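Enquirer: okay, sequence plus prediction incoming.
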Amino acid sequence: MYYLAKIAQAAGLTIIIVNFLTHFPKLLNFKIFLIGGILFLFGWITQRFLLKS
């Protein structure tokens, strides 16, 4: 479960970075940014609250 959370966080950040690089002079595509943010938050919440040590 830990690795699933880390993969979700990395995938979310990768989506945001690729979105930023492909639309650089203009603003980011909000829908793709939102998908990346939700994926990152899913991984962060999973790690933070479900995997307490």
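Expert: It's in. Numbering: from 1, shown residues only.

Enquirer: only C-alpha atoms for contact and neighbour calcs from this point on.
Expert: OK.

Enquirer: contacts for stretch 43-53?
Expert: Contact with stretch 43-53 is made by 1, 2, 4, 5, 6, 7, 8, 9, as judged by C-alpha atoms under 8 Å, 6 or more residues apart in numbering.

Enquirer: would you turn those into TSV with distance to residue 20, secondary structure and pLDDT?
Expert: What follows is those, written out as TSV (distance: C-alpha to C-alpha, whole Å; DSSP: H, G, I helix; E, B strand; the rest coil; pLDDT from 0 to 100):
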residue	distance to residue 20	secondary structure	pLDDT
1	29	coil	88
2	27	helix	91
4	24	helix	94
5	23	helix	94
6	21	helix	95
7	20	helix	96
8	18	helix	96
9	17	helix	97
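
Enquirer: selecting buried members of those in ChimeraX, what would you type?
Expert: Here is the ChimeraX command that selects only those of those that count as buried (16 or more other C-alpha atoms under 10 Å):
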select :5,6,8,9
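
Enquirer: looking at the contacts of stretch 43-53, which two lie furthest apart in space?
Expert: Across the contacts of stretch 43-53, the longest distance by C-alpha to C-alpha is 12.5 Å; it joins 1 and 9.

Enquirer: how near is residue 35 to residue 52?
Expert: Per C-alpha to C-alpha, to the nearest Å, residue 35 is found 25 Å from residue 52.

Enquirer: what about residue 12, which helix or strand?
Expert: If you go by DSSP states H and E, residue 12 is part of helix 2-22.

Enquirer: render the CA-only coordinates of that helix in PDB, please.
Expert: The C-alpha trace of helix 2-22 is given here as PDB (Å, rounded to 0.1, in the frame of the first residue of the first chain):
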ATOM      1  CA  TYR A   2       2.900   2.300   0.700                       C
ATOM      2  CA  TYR A   3       4.200   1.900  -2.800                       C
ATOM      3  CA  LEU A   4       0.800   2.500  -4.300                       C
ATOM      4  CA  ALA A   5       0.600   5.800  -2.400                       C
ATOM      5  CA  LYS A   6       4.100   6.900  -3.600                       C
ATOM      6  CA  ILE A   7       3.300   5.900  -7.200                       C
ATOM      7  CA  ALA A   8       0.100   8.000  -7.100                       C
ATOM      8  CA  GLN A   9       2.000  11.000  -5.700                       C
ATOM      9  CA  ALA A  10       4.700  10.600  -8.400                       C
ATOM     10  CA  ALA A  11       2.100  10.200 -11.200                       C
ATOM     11  CA  GLY A  12       0.200  13.300 -10.000                       C
ATOM     12  CA  LEU A  13       3.300  15.400  -9.900                       C
ATOM     13  CA  THR A  14       4.400  14.100 -13.300                       C
ATOM     14  CA  ILE A  15       1.100  15.000 -14.900                       C
ATOM     15  CA  ILE A  16       1.300  18.500 -13.500                       C
ATOM     16  CA  ILE A  17       4.900  19.000 -14.700                       C
ATOM     17  CA  VAL A  18       4.200  17.600 -18.200                       C
ATOM     18  CA  ASN A  19       1.100  19.900 -18.400                       C
ATOM     19  CA  PHE A  20       3.300  22.900 -17.300                       C
ATOM     20  CA  LEU A  21       6.000  22.100 -19.900                       C
ATOM     21  CA  THR A  22       3.600  21.500 -22.800                       C
END
